[in-house]
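Student: this one's sequence-less:
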């Protein structure tokens, strides 16, 4: 014979599970993994669910595994929403001359552009620009800041249908 207390525990657990399923089922289907509601096909959706920034190692234009993951997501999203054009902004850390870093940021933006094109994004939708070391996101004389500044940011330009 099952004890009275055991029956109550099973009943409580069942109620908690039903409530959890109900709450999950009623949640906003367009929430990102971060829980932020986003409308599909918007710049917010792109930023939150896809990723806008690819980072590079020192003095490099080589794509890391993390960068490739972001770029694969960008390709899928851009193919799904072909009404957007994109500006790829290349950046470098503060070390090196202004001229060197402008060239390095340009090469980084070109690597991203070429990846997107090779994976099916129409080249007429893509433009590149390099800011070199002129627009840092972090300012300090340390690797923690330098690594944040070595990047290409993908900026969505206006969409005709939004």
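Tutor: Cool, the structure landed. In this text, all values refer to a predicted model and were calculated from it rather than measured experimentally.
Student: Backbone torsions only: list them for the residue most central in space within the chain.
Tutor: The chain has residue 51 as the residue nearest its centroid, 0.5 Å off, counting by Cα atoms, centre = their mean. Per-residue torsions, residue 51: phi 110, psi 130 (degrees, to the nearest 10).
Student: That one and residue 73 touch, don't they?
Tutor: Yes. Between residue 51 and residue 73 a contact is recorded at 6.1 Å, counting by Cβ atoms under 8 Å. Heads up, the C-betas are built off the backbone N, CA and C, glycines and all.
Student: if I look at those two, which residues touch both of them?
Tutor: By Cβ atoms under 8 Å, 6 or more residues apart in numbering, residue 51 and residue 73 have no common neighbours.
Student: hmm, back to that, contact partners for the residue nearest to the centre of the chain?
Tutor: Applying Cβ under 8 Å, 6+ apart, we find residue 51 in contact with 70, 73-74.
Student: And these, which is closest to residue 124?
Tutor: Within those, the smallest distance to residue 124 is 16.6 Å, found for residue 74 (Cβ to Cβ).
Student: Three-state assignment for the closest one, please.
Tutor: Recorded secondary structure, residue 74: helix (DSSP: H, G, I helix; E, B strand; the rest coil).
Student: how many neighbours does it have?
Tutor: 22 (other Cβ atoms under 10 Å).
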